[in-house]
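[1] predicted model, plus sequence, below.
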Amino acid sequence: MTPRMTIYSQSLPLSRPFRISRGAKTSADVVVVELVQDGVTGRGECVPYGRYQESCESVIAQLEPLRGTRLDRIELQGLLPPGAARNALDCALWDLEAKLSGIGVAERLGIVLPPSLPTALTVTLDTPEAMAAQALALGKAPLIKIKVDAQAPLEQVRAVRQAAPETRLIVDPNEAWSPALLADMLPELAALRVDLLEQPIPAAQSEALVAITPLVPICADEACHTAADLPALVGRYQLVNIKLDKAGGLTEALTMLRAAREMGFGVMTGCMTASSLSIAPAMLIGAQSDFCDLDGAMLMVEDRPGAMPLRDGQLWPAAEGFWG
């Protein structure tokens, strides 16, 4: 039986602007896929990202030709390229399979989920003073991710470190630094006890990392989308960030996770600014990662019913039947 597919976009307001070096957003613009079969609905959500030439319109245009076709997760990998569109449909298929079979995705995969999952909470780009205030407001968060630019990154990190003297830190310039700035910043970041530096330089300049000693471990984000990207990152990055929207869904993310471990990479699981419907499948990867950055729903004015609670840097499972 072929499931009935519904595709729609939503603009989910944020409680405050989310600023990174690349720009700011005041809403999470997502595309949702719903598959209905035998009275059961499977759902998946994706976040089209302009950095990868995606929009809600382009994602919907990719998905429309598959409406009314018999869908299979494995075949899907060849029908759509990696990216947001395939992610939404892949996750909807996983959810539908789980609900039709009565076997949850975690159980099917043999993944034991913890009662709660520690995740980074994000301090968005602002003045150093405002970023320190954000860090103070996060309270008992065990891990903070700091969005910085190339204008005053050291001042920004210092301000957050002063506000959160014992908290573990991730610094994320979103490709804003030059290799020269990176080389200058690494000793300073090490002195500030930064645990991880995420994609400091443009992905296209990754070769420059060969000549730079990683005094702080460096994680590939924009430079790493699928398992096929991993071999070229050896000797340049120490960790890779697996995001379902880049990989094209949970199916490829699981392949990436296995391949990354085999090649000796540490693993971080990340997300876009999105609702808990995007976060729930990513939690399966996050539970097996060294760093988890799944606070994408934290700034939602209103998350989805049954969504995943996030308290003091701990992500709790969604209500039964929410996803997977």
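    Yep, it's here. Residues are numbered from 1 along each chain as shown.
[2] ok, the closest residue in space to Ala176 that isn't next to it in sequence - contacts?
    Residue nearest to Ala176 in three dimensions, not counting chain neighbours: Ser21, with 3.7 Å by C-beta to C-beta, 6 or more residues apart in numbering. Every C-beta, even on glycine, is put in place using the N, C-alpha and C of the backbone. In this structure, Ser21 makes contact with 125, 147-150, 173-176, judged by C-beta atoms under 8 Å, 6 or more residues apart in numbering.
[3] now the two most distant members of the residues you listed.
    Maximum pairwise distance among the contacts of Ser21 (C-beta to C-beta): 13.4 Å, between Leu125 and Glu175.
[4] ok, the two, which is more surrounded?
    Neighbours per residue, other C-beta atoms under 10 Å: of Leu125 and Glu175, the larger number sits with Leu125, 26 against 21.
[5] so what's the more buried one up against?
    Listed by C-beta under 8 Å, 6+ apart, the contact partners of Leu125 are 19-21, 131, 147-149, 156.
[6] the residue nearest to Ala164 when sequence neighbours are not counted sits in which helix or strand?
    On the basis of C-beta to C-beta, 6+ apart, the spatially nearest residue to Ala164 that is not a chain neighbour turns out to be Ala135, at 4.7 Å. Remark: Ala135 resides in helix 128-137, with elements defined by DSSP states H and E.
[7] which residues are contacting that helix?
    Contacts with helix 128-137, where a contact means C-beta under 8 Å, 6+ apart, come from 123-126, 144, 146, 152, 155-156, 158-160, 162-164, 167.
[8] what is the nearest of those to Arg67?
    Looking at those and their distance to Arg67, the nearest is Thr124, at 37.1 Å (C-beta to C-beta).
[9] shouldn't that closest one be in contact with Arg19?
    Yes. Applying C-beta atoms under 8 Å, one finds Thr124 in contact with Arg19, separated by 4.7 Å.
[10] any common contacting residues for the two?
    Looking at what touches both Thr124 and Arg19 (by C-beta under 8 Å, 6+ apart), the common residues are Lys147.
[11] those two: who's more crowded?
    A count of neighbours by other C-beta under 10 Å puts Thr124 above the other of Thr124 and Arg19, at 18 against 15.
[12] next, the spatially closest residue to Leu250 that is not a sequence neighbour: secondary structure please.
    Spatial nearest neighbour of Leu250, chain neighbours left out: Pro281 (4.8 Å); criterion: C-beta to C-beta, 6+ apart. State at Pro281, reduced to three classes by DSSP: H, G, I helix; E, B strand; the rest coil: helix.
[13] what's the distance between Pro281 and Thr124?
    Applying C-beta to C-beta, to the nearest Å, one obtains 24 Å for the distance of Pro281 from Thr124.
[14] ditto for Ala84
    Taking C-beta to C-beta as the criterion, Ala84 is separated from Thr124 by 22 Å.
[15] where along the stretch 151-300 of the chain do the strands fall?
    Under the criterion DSSP state E, counting those that start in this stretch, the stretch 151-300 of the chain carries strands at the ranges 168-172, 194-198, 218-220, 239-242, 266-269, 291-292.
[16] which helices and strands sit right next to the last one?
    Applying 3 or more C-beta pairs under 8 Å, 6 or more residues apart in numbering; DSSP states H and E, we find strand 291-292 packed against strand 266-269.
[17] quick check: mean pLDDT of the strand it packs on?
    What strand 266-269 shows for mean pLDDT is 98.
[18] that one pairs with which strands, and in what direction?
    strand 239-242 (parallel), strand 291-292 (parallel) (DSSP bridges).
[19] cheers, nothing more for now.
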